[in-house]
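Chemist: everything below, folded, please.
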Amino acid sequence: MNLKVSPTETVTPERPIVEIASVADLPSRFGHFKVYVFSNNQDDKEHLAMVRGDVAESRDLVTRVHSECLTGDVLGSLRCDCREQLEQSLTMVGGLKRGLVLYMRQEGRGIGLTNKIKAYGLQESGLDTVEANLALGFADDLRQYGIAAAMLEKLGVESIRLLTNNPDKVQKLTAEGIVVSERLPLAIPPNAYNRRYLATKARRSGHLLDIDWAETA
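Modeler: The predicted structure is shown next:
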């Protein structure tokens, strides 16, 4: 990757360049959206925006930046809360005049599907989600938000109210120049299979969750 460097500047990666590759109406059980597919010059992946209403020049736009989870979003896995967070976000945004859900192709917190399933196997031997990623040689979370920020800018969004329990996501989007005016929580009750996963999110990754039930996780 080329870097812009001067004697007085910090070396930083170039800003991602995104383009709208295709767009169409998408009626869904969550509401009527317009779906945008974005291409970019960094990761060779197609990222999506589910747009409700006219979001150009919008301020305080209710927005979810959701990372892909094939096992949860598509297959209905009970090991995580991803599908519930996605559906809750789409339901909320679908009921508004204007709103947005970005679907980012960052499977397994950025480690990919194969390594995610390897991490599942390590969790079955007793490791938590953070320990499993570290055992595979990865950081606990490799997700980046530069492309998401560029997508928001391309759509003309000026500031967002972010649907998330993860303060790190707020900080990383803010570092990318996105104005996050408010954090909106996504409360998902635990089930028998994801209690430890959610407790680890809170205790080790700093997610803002009510985990009074975690002592039994």
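Chemist: only C-alpha atoms for contact and neighbour calcs from this point on.
Modeler: Fine.
Chemist: the residue positioned nearest the centre of the chain and residue 49: what is the separation?
Modeler: In the chain, the residue lying closest to the centroid (CA atoms, centre = their mean) is residue 66, at 3.0 Å. Look at residue 66 and residue 49: by CA to CA, to the nearest Å, they are 10 Å apart.
Chemist: what sits in contact with each of the two?
Modeler: Counting by CA atoms under 8 Å, 6 or more residues apart in numbering, the common neighbours of residue 66 and residue 49 are 101, 102, 103.
Chemist: so which residues of the chain form helices?
Modeler: 82-94, 113-124, 129-135, 146-154, 167-175, 195-205 (DSSP state H).
Chemist: need those in JSON lines with distance to residue 189, mean neighbour count and mean pLDDT, can you?
Modeler: Below are the helices of the chain laid out as JSON lines (distance: least, CA to CA, whole Å; neighbours: other CA atoms under 10 Å; pLDDT from 0 to 100):
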{"stretch": "helix 82-94", "distance to residue 189": "9", "mean neighbour count": "20", "mean pLDDT": "96"}
{"stretch": "helix 113-124", "distance to residue 189": "21", "mean neighbour count": "16", "mean pLDDT": "92"}
{"stretch": "helix 129-135", "distance to residue 189": "19", "mean neighbour count": "20", "mean pLDDT": "89"}
{"stretch": "helix 146-154", "distance to residue 189": "27", "mean neighbour count": "21", "mean pLDDT": "96"}
{"stretch": "helix 167-175", "distance to residue 189": "19", "mean neighbour count": "16", "mean pLDDT": "93"}
{"stretch": "helix 195-205", "distance to residue 189": "9", "mean neighbour count": "19", "mean pLDDT": "80"}
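Chemist: figure out which of these is closest to residue 29.
Modeler: helix 82-94 (8.4 Å; CA to CA).
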